[in-house]
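Enquirer: Here's my sequence, what's the structure:
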Amino acid sequence: MTDGGHSIDLDRLAEFLSGRLDGLRPPLRANQCPGGMSNPTFVLTDAGGRRWVLRKKPPGALLPSAHAVDREFRVMSALVGSEVPIARPLVLCQDDAVIGQAFYVMAHVEGRVFRKLELPGLATGERAAIYDAMNATLAALHRVDYRGRGLVDFGREGGYAARQAKRWAGQYEASKTDRLDAMENLMAWLPENLPAEAETTLAHGDFRLENMIFHPTEARVLAVVDWELSTLGDPLADLAYNTLPWHMPDPRRGDLRGNAPAATGIPAEADYLSAYAERSGRGDLGDWTFYRVLSLFRLAAIGQGVYKRGLDGNATGPAALERRDVCRNLSTIAWGLVEKAGRA
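Expert: Have a look, this model is predicted:
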């Protein structure tokens, strides 16, 4: 099967999974899921109509530490039975000989994925409830006792902001195609403006509306997905990333900058932050300018990496080549926040 540039030998895959997935009946079919520009994701269906989900590394040369499907599998396994809903991980394969790249298989969760920030087609009250459920799920994640769940070595305690600034500067340099003044400015500014040391929690790293599966009819999160960037980190960085839609447009997902809560049901950012603070017990959101800038910088570096993989021919799909200006645009917004705050 070849889909979106990703070739999977389904017969070989079925042979490997037989005996590892209860009730599997070959042959297998695979359909690539929409959305996402990193680890390609497929819905597997067997002859009996049972479904599972497979996530694998993309093909080709990859940046160091990127696309770590084994880390995804580990954190999801650790979260089974916690307050954080996940799709149950079932099988991890790190043998490239099976389908060409490392992969894992998890349970299929039937539900709704909202890819548009404005939640078109939903009533005002439903939109409010969806955003509130997302908020509650993020707070629950940051309450997880990562030590008690065997994740004390899943990252480093403390120093998260400094490591993130360094990591994404390195990832950007490794995938840079043009000189962007805003990125150069940010790479110099971030290490010089690190906030005071923050609490360490489990952090998702890509916590947004599209990375949750909601109940088919209720405003209830059934699974948080896409754990590739998860680590031990700063909860405020996770929160800042989650609230970026109130500050920047997304050509594919929408724009909350002009949101009118009374009309849409989607909360104002201040109310969203207040709800998180109450649920998490964190009244002080720290240096909010820094966290927003760091989130935009990281997203810019990721966008550049996606575009570079498109140029190299090993992206998840042809849309990667449409990301040429993402890094430029996001880094410009980020540097604009620095200038607006009078901290350039």
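Enquirer: Who are the packing partners of the helix or strand harbouring residue 335?
Expert: Using DSSP states H and E, residue 335 falls within helix 326-340. In terms of contacts (3 or more CB pairs under 8 Å, 6 or more residues apart in numbering; DSSP states H and E), helix 326-340 is packed against helix 181-192, helix 288-312. Where C-beta positions appear, they are placed from N, C-alpha and C, glycine not excepted.
Enquirer: Would you mind getting the angle between the longest one and helix 181-192?
Expert: So that's helix 288-312. 130 degrees (axes from the mean of the first three to the mean of the last three CA atoms, to 10 degrees).
Enquirer: Can you check what angle separates helix 288-312 from helix 326-340?
Expert: For helix 288-312 against helix 326-340, the angle by the same axes, to 10 degrees is 160 degrees.
Enquirer: about what we covered before: and of the helices and strands packed on helix 326-340, who's closest to residue 104?
Expert: helix 288-312 (20.5 Å; CB to CB).
Enquirer: quick check: mean pLDDT across the closest one?
Expert: Regarding helix 288-312, the rounded mean pLDDT is 88.
Enquirer: Can you tell me the number of residues neighbouring the residue nearest to residue 308 when sequence neighbours are not counted?
Expert: Excluding the flanking residues, the one nearest residue 308 by CB to CB, 6 or more residues apart in numbering is residue 175, at 3.7 Å. Applying other CB atoms under 10 Å, we find 21 residues neighbouring residue 175.
Enquirer: Please apply the same query to the one 10 residues further on.
Expert: Here the count is done by other CB under 10 Å, and residue 185 has 17 residues near it.
Enquirer: What of residue 157?
Expert: 14.
Enquirer: Kindly report the same for residue 284.
Expert: Counted with other CB under 10 Å, the neighbours of residue 284 add up to 8.
Enquirer: do the same with residue 105
Expert: Counted with other CB under 10 Å, residue 105 comes out at 24.
Enquirer: ok, and for stretch 238-245, which residues are buried?
Expert: For stretch 238-245, burial by neighbour count (16 or more other CB atoms under 10 Å) applies to 238-245.
Enquirer: Need those in a markdown table (columns: distance to residue 301 and secondary structure).
Expert: Output for the buried residues of stretch 238-245, formatted as a markdown table (distance: CB to CB, whole Å; DSSP: H, G, I helix; E, B strand; the rest coil):
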| residue | distance to residue 301 | secondary structure |
| --- | --- | --- |
| 238 | 17 | helix |
| 239 | 19 | helix |
| 240 | 15 | helix |
| 241 | 13 | helix |
| 242 | 18 | helix |
| 243 | 19 | coil |
| 244 | 14 | helix |
| 245 | 19 | helix |
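Enquirer: Nearest to residue 119 among the residues you listed?
Expert: Residue 119 lies nearest to residue 245 out of these, by CB to CB, at 11.7 Å.
Enquirer: quick one: pLDDT of that closest one?
Expert: Taking residue 245 on its own, its pLDDT is 94.
Enquirer: Quickly note the distance from it to residue 281.
Expert: According to CB to CB, to the nearest Å, residue 245 and residue 281 sit 25 Å apart.
Enquirer: quick one: the strands in the protein?
Expert: Ranges of strands within the chain are 2-3, 6-7, 29-32, 41-45, 51-56, 89-93, 103-107, 201-203, 212-214, 221-224, 231-233, based on DSSP state E.
Enquirer: among the ones you listed, which is nearest residue 250?
Expert: The nearest among those, by CB to CB, is strand 212-214 at 16.2 Å.
Enquirer: rewinding a little: which parts of the helix holding residue 335 count as buried, going by neighbours?
Expert: By neighbour count on 16+ other CB under 10 Å, the buried set for helix 326-340 is 326-335, 337-338.
Enquirer: For these, could you give me JSON lines that also reports pLDDT?
Expert: Shown next, in JSON lines, are these (pLDDT from 0 to 100):
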{"residue": "326", "pLDDT": "88"}
{"residue": "327", "pLDDT": "90"}
{"residue": "328", "pLDDT": "91"}
{"residue": "329", "pLDDT": "91"}
{"residue": "330", "pLDDT": "93"}
{"residue": "331", "pLDDT": "95"}
{"residue": "332", "pLDDT": "95"}
{"residue": "333", "pLDDT": "93"}
{"residue": "334", "pLDDT": "95"}
{"residue": "335", "pLDDT": "96"}
{"residue": "337", "pLDDT": "93"}
{"residue": "338", "pLDDT": "96"}
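Enquirer: Surely residue 26 and residue 12 touch.
Expert: No. Counting by CB atoms under 8 Å, residue 26 stays clear of residue 12, with 10.8 Å between them.
Enquirer: neighbours around residue 98, how many?
Expert: 18.
Enquirer: what's the answer for residue 136, then?
Expert: Residue 136, neighbours per other CB under 10 Å, totals 16.
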